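**Student:** My questions concern the predicted model and sequence given below.
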Amino acid sequence: MKYSIFSLARAALSGHKNWQRTWRDATPKDRYDVVIIGGGGHGLATAWFLASEFGIKNVAVLEKGWIGSGNAGRNTTIIRSNYGLPGNTGFYELSMKLWERMEQDLNYNAMVSQRGIVNLYHSDAQRDAYARRGNTMRINGIDAELLDQTALRKTMPFLNFDNARFPVQGGLLQRRAGTARHDAVVWGYAHAASELGVDIIQNCEVTGFVRDGNGKVTGVETSRGKIGAGKVGMAVAGSSSRVAAMAGLRLPIESHVLQAFVSEAIKPLIPGVMTFGAGHFYVSQSDKGGLVFGGDIDGYNSYAQRGNMPVMEDVCEGGMALIPMIGRVRLLRQWGGIMDMSMDGSPIIDKTPVDGLYLNAGWCYGGFKATPGSGFVFAHLLARDESHKEAALFRLDRFQRGAMIDEKGQGAQPNLH
Amino acid sequence: MRITCPFCGERELGEFTYLGDAKPQRPVADAGEEAVYDYVYLRDNVAGVMAENWYHGGGCRAWLKVTRNTLTHEISSVEPAAGAGAAKVGA
């Protein structure tokens, strides 16, 4: 199925009753060259890049539920590359560039919308810190602009500029950042990967690894039988420790719950994505009109996919401090997702000490924006057995070597990243 | 989630701060790098019942050992753990 203006017109004229399924729901074969565990954005992107860029088409993606049912469907859809540390800047910019051509690459409308992100600053010191981050981005070829209050008042007149405690002085803008439709990203990669022969296998939970006499992983045990594999890649952020434990590995990761919120739909208000610099609150507005917002993780280990009231209260207080008018808007939905919180706040894309098993994990609460970049560099690792240069610092052994990538400078306390 | 502090009674979650899994023990001073790496960075990341260190900063300021299910948030016991967290954070 190739999508175009003509296919859209044809479907419209027939009352949208003749759309075909966009990807194949496959049944498992006995063996694949590469088996990816996890049918989220990262897993499906990895499979697509393996097939399209690296010539490995005998690939399966195993998903225990339905594709996109985990964090791919639970995030707040923000894409950006405004990072400051070596390792992160290049990688997230690679990902940003892949977002910019994703829809053409996949022949799928992922509603990528580069509406910009503004990180607001509220003091002279914070302005200087953001100026420094912006300069770091620009040195690395990433767009960044420091806005003063006058510029902000034009596009965001509703901000609480004169808040006595946290006056809004300005913001750091990345114009190329924005949002994408998270479900469509999953379906787009599934669509394009499936067209190239990748088997997407749902309701297929991995229950163990098959190892040979030397300990090498040669396949996986699943709820749908044994599946042989030349290599196995894990892309199961949120559950990485549980899957890795089946191979006898302990990871530098804790699973934490992050909540997200959507308000009732209102007329266009928020021009892009914005973040409150004096608390933890970020917001954008979906194309349907709902305000999509969130804040801190709850702070305790959890696999429950739901959070608690203190963080809800804190997030809403942050929203009220920044945009007092949203107190008139009703909250529509709230949910939680499980984050792989790594020990330095940065991801891990590497071989594991177990031969044949590869790890893509530790995305903390920033995995969505990384989806295309993560898929590309993970496919590179799986295909060539060496890290892509933009992922060369995301090594599993960096904690032992003291080579952490701690963007927030918090140390080995996952709930503070 | 509400936590029943053995000193203060049942209190709302916002009064408490989470440190983490209570199982890792600080290695002895001359333990090797592997032991320190294991203690500082590696976690069981239990999916199920886990003993944890919590600090009741909004109440009696005691360290507590809370036994809690990470799949359901159900708390099965809360005990005083004097010094447990303090030793970890070097207070």
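**Tutor:** Nice, thanks for sending it over. Numbers count the residues shown, from 1 in each chain, chains lettered A, B, ... in the order given.
**Student:** Toward the C-terminus from the longest helix that chain B contains, list the very next helix or strand.
**Tutor:** Counting by DSSP state H, the longest helix found in chain B is helix B:33-41. As assigned by DSSP states H and E, the chain's next helix or strand after helix B:33-41 is strand B:49-55.
**Student:** does residue A:319 really touch residue A:328, like I thought?
**Tutor:** No: here residue A:319 does not reach residue A:328: they are 11.7 Å apart, not a contact under CB atoms under 8 Å. Bear in mind the C-beta positions are built from the backbone N, C-alpha and C, glycine included.
**Student:** Mind checking which of the two has more residues around it?
**Tutor:** residue A:319 (24 against 7; other CB atoms under 10 Å in any protein chain shown).
**Student:** Confirm the more buried one sits in a helix?
**Tutor:** Yes: assessed by DSSP: H, G, I helix; E, B strand; the rest coil, residue A:319 belongs to a helix.
**Student:** rewinding a little: let's see the longest helix of chain B as PDB, backbone CA atoms only.
**Tutor:** Only the C-alpha atoms of helix B:33-41 are listed here, as PDB (Å, rounded to 0.1, in the frame of the first residue of the first chain):
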ATOM      1  CA  GLU B  33      36.200  -1.500  42.400                       C
ATOM      2  CA  GLU B  34      33.800  -4.200  41.400                       C
ATOM      3  CA  ALA B  35      32.000  -4.100  44.800                       C
ATOM      4  CA  VAL B  36      31.700  -0.300  44.700                       C
ATOM      5  CA  TYR B  37      30.400  -0.400  41.200                       C
ATOM      6  CA  ASP B  38      27.900  -3.000  42.100                       C
ATOM      7  CA  TYR B  39      26.700  -1.000  45.200                       C
ATOM      8  CA  VAL B  40      26.600   2.400  43.500                       C
ATOM      9  CA  TYR B  41      25.200   1.600  40.100                       C
END
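**Student:** near chain B, which residues of the stretch 151-300 of chain A?
**Tutor:** A:241-242, A:250-255, A:299-300 (CB under 8 Å from any CB of the partner chain).
**Student:** Inside helices: which ones of these?
**Tutor:** Counting by DSSP H, those place A:241-242 in helices.
**Student:** Turn the residues of the stretch 151-300 of chain A next to chain B into CSV, including pLDDT and neighbour count.
**Tutor:** Putting those into CSV (pLDDT from 0 to 100; neighbours: other CB atoms under 10 Å in any protein chain shown) gives the following:
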residue, pLDDT, neighbour count
A:241, 98, 24
A:242, 98, 16
A:250, 97, 14
A:251, 98, 25
A:252, 98, 27
A:253, 98, 27
A:254, 98, 24
A:255, 98, 24
A:299, 96, 22
A:300, 97, 25
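**Student:** What residues are bridge-paired with the residue nearest in space to the middle of chain B?
**Tutor:** The residue lying closest to the centre of chain B (CA atoms, centre = their mean) is residue B:53, at 1.0 Å. Beta-bridge partners for residue B:53, by DSSP bridges, are residue B:20, residue B:65.
**Student:** What's the separation between it and residue B:64?
**Tutor:** Distance, residue B:53 to residue B:64, using CB to CB, to the nearest Å: 7 Å.
**Student:** Now for these two: what residues contact both?
**Tutor:** Among the neighbours of residue B:53, those also in contact with residue B:64 (CB atoms under 8 Å, 6 or more residues apart in numbering or on different chains) are residue B:81.
**Student:** Next to chain A, which bits of chain B? Give me the list.
**Tutor:** Going by CB under 8 Å from any CB, the residues of chain B near chain A are B:1, B:12-14, B:17-18, B:20-21, B:33, B:37, B:40-47, B:50, B:52, B:68, B:70-73.
**Student:** burial of residue A:324, as a residue count?
**Tutor:** 13.
**Student:** got a pLDDT number for residue 33?
**Tutor:** You didn't pick a chain, so chain A it is. Per-residue pLDDT puts residue A:33 at 98.
**Student:** actually chain B
**Tutor:** At residue B:33, pLDDT is 93.
**Student:** Give me the spatial nearest neighbour of it, chain neighbours excluded.
**Tutor:** Ranked by CB to CB, 6 or more residues apart in numbering or on different chains and with sequence neighbours excluded, the top spatial neighbour of residue B:33 is residue A:400, at 7.5 Å.
**Student:** check which helix or strand covers the one you found.
**Tutor:** helix A:398-401.
**Student:** now for that helix, which elements pack on it?
**Tutor:** Under the contact definition 3 or more CB pairs under 8 Å, 6 or more residues apart in numbering or on different chains; DSSP states H and E, helix A:398-401 sits against helix B:33-41.
**Student:** Show me what the helix it packs on is packed up against.
**Tutor:** Helix B:33-41 packs on helix A:398-401, going by 3+ CB pairs under 8 Å, 6+ apart.
**Student:** just to revisit the earlier point, could you give the mean pLDDT of the helix holding residue A:400?
**Tutor:** If you average the pLDDT over helix A:398-401, you get 96.
**Student:** same thing with stretch A:374-382?
**Tutor:** 98.
**Student:** for the nearest residue to residue A:238 once chain neighbours are set aside, helix, strand, or coil?
**Tutor:** Among residues not flanking residue A:238 along the chain, residue A:338 sits closest, at 3.6 Å (CB to CB, 6+ apart). Secondary structure for residue A:338, judged by three-state DSSP, is strand.
**Student:** count of residues packed around residue A:382?
**Tutor:** 25.
**Student:** Check residue A:260 too.
**Tutor:** 20.
**Student:** My guess is it contacts residue A:331. True?
**Tutor:** No: at 11.3 Å, residue A:260 does not count as touching residue A:331 under the criterion of CB under 8 Å.
**Student:** For stretch A:379-396, buried residues please.
**Tutor:** Across stretch A:379-396, burial judged by 16 or more other CB atoms under 10 Å in any protein chain shown covers A:379-383, A:387-388, A:390-391, A:393-396.
**Student:** Which one of those is nearest to chain B?
**Tutor:** Using CB to the nearest CB, residue A:396 comes nearest to chain B of those, at 10.5 Å.
**Student:** what's the closest non-adjacent residue to that closest one?
**Tutor:** Using CB to CB, 6+ apart and skipping residues adjacent in sequence, the residue nearest residue A:396 is residue A:350, 4.3 Å away.
**Student:** and the gap between residue A:16 and residue A:188?
**Tutor:** According to CB to CB, residue A:16 and residue A:188 sit 19 Å apart.
**Student:** typo on my end, it should be residue A:384
**Tutor:** 25 Å.
**Student:** Would it be right to say that residue A:311 lies in a helix?
**Tutor:** Yes: Residue A:311 forms part of a helix when assessed by three-state DSSP.
**Student:** Let me know whether it touches residue A:298 as I believe.
**Tutor:** Yes: between residue A:311 and residue A:298 there is a contact under CB under 8 Å: 5.0 Å.
**Student:** Please identify which of these two sits among more neighbours.
**Tutor:** The residue with more neighbours, out of residue A:311 and residue A:298, is residue A:298; 26 against 22, by other CB under 10 Å.
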